[in-house]
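Q: Need coordinates for the following:
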Amino acid sequence: YLAYFYASNGINLREAKSLVEKALKMVPGNPAFLDTLGWILFKMGKYKEACKYLKKALSKMKGDPVISEHYGECLYKVEKFKEASKYLKESLEGIKRNPSILEDEKGLDKRAREILKKMGESYE
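A: Have a look, this model is predicted:
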């Protein structure tokens, strides 16, 4: 969780990456760890590599609102706008079904809406 905390706050990213890589060696393929690694790489500006891990995480936890938002945000950065829109909207749908997600992931919905707005889209 420390690695994800660092990633979410954009701090100690090298240490965060090292921590989550160790965790993935112990539990290969863990979707939470894959998401964390992807999000760290995203925060480091390594968008293509980040998308690879986020996609893999999402394949193991289909429809997860947090991973869907992370993946959508990453796709936006690599200019895959149609796909980004799909996953950002999927995230917002998941948040609508379970608003308690925002207790731990403050601003997740706002980020998704802001990116959709930048692409000339909206979500109601």
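
Q: What backbone torsions are found at the residue of the chain positioned farthest from its centre?
A: Residue farthest from the centre of the chain, counting by Cα atoms, centre = their mean, is Met26 at 21.8 Å. Dihedral pair for Met26: phi -80, psi -40, per degrees, to the nearest 10.

Q: how about the residue nearest to Lys89 when sequence neighbours are not counted, secondary structure?
A: Of all residues not flanking Lys89 in the chain, Tyr123 sits nearest, at 5.7 Å (Cβ to Cβ, 6 or more residues apart in numbering). Placement of C-beta: from N, CA and C, glycine included. Classification of Tyr123 by DSSP: H, G, I helix; E, B strand; the rest coil places it in coil.

Q: residues in contact with Tyr123?
A: Residues in contact with Tyr123 (Cβ atoms under 8 Å, 6 or more residues apart in numbering) are Leu88, Lys89, Leu92, Ala112, Arg113, Leu116.

Q: Which strands and helices lie in contact with the biggest helix by length in the chain?
A: Longest helix in the chain by number of residues (criterion: DSSP state H): helix 81-97. Helix 81-97 sits against helix 65-77, helix 101-104, helix 108-118, with contacts defined as 3 or more Cβ pairs under 8 Å, 6 or more residues apart in numbering; DSSP states H and E.

Q: Give me whichever of those helices is most buried.
A: Highest mean neighbour count of the helices and strands packed on helix 81-97: helix 65-77, a mean of 25 (counted as mean count of other Cβ atoms under 10 Å).

Q: Just want the angle from it to helix 108-118.
A: 30 degrees (axes from the mean of the first three to the mean of the last three Cα atoms, to 10 degrees).

Q: State the mean pLDDT of helix 65-77.
A: For helix 65-77, mean pLDDT is 98.

Q: which other residues reach it?
A: For helix 65-77, the external contacting residues (Cβ under 8 Å, 6+ apart) are 31, 35, 38-39, 42, 47, 50-51, 54-55, 57-58, 61, 81, 83-88, 90-95, 98, 101, 105, 108, 111-112, 115, 118-119.

Q: Then stretch 23-31?
A: For stretch 23-31, contacts defined as Cβ under 8 Å, 6+ apart pick out Ala3, Phe33, Leu34, Thr36, Leu37, Lys56, Ala57, Leu58, Lys60, Met61, Asp64, Ile67.

Q: Cheers, nothing more for now.
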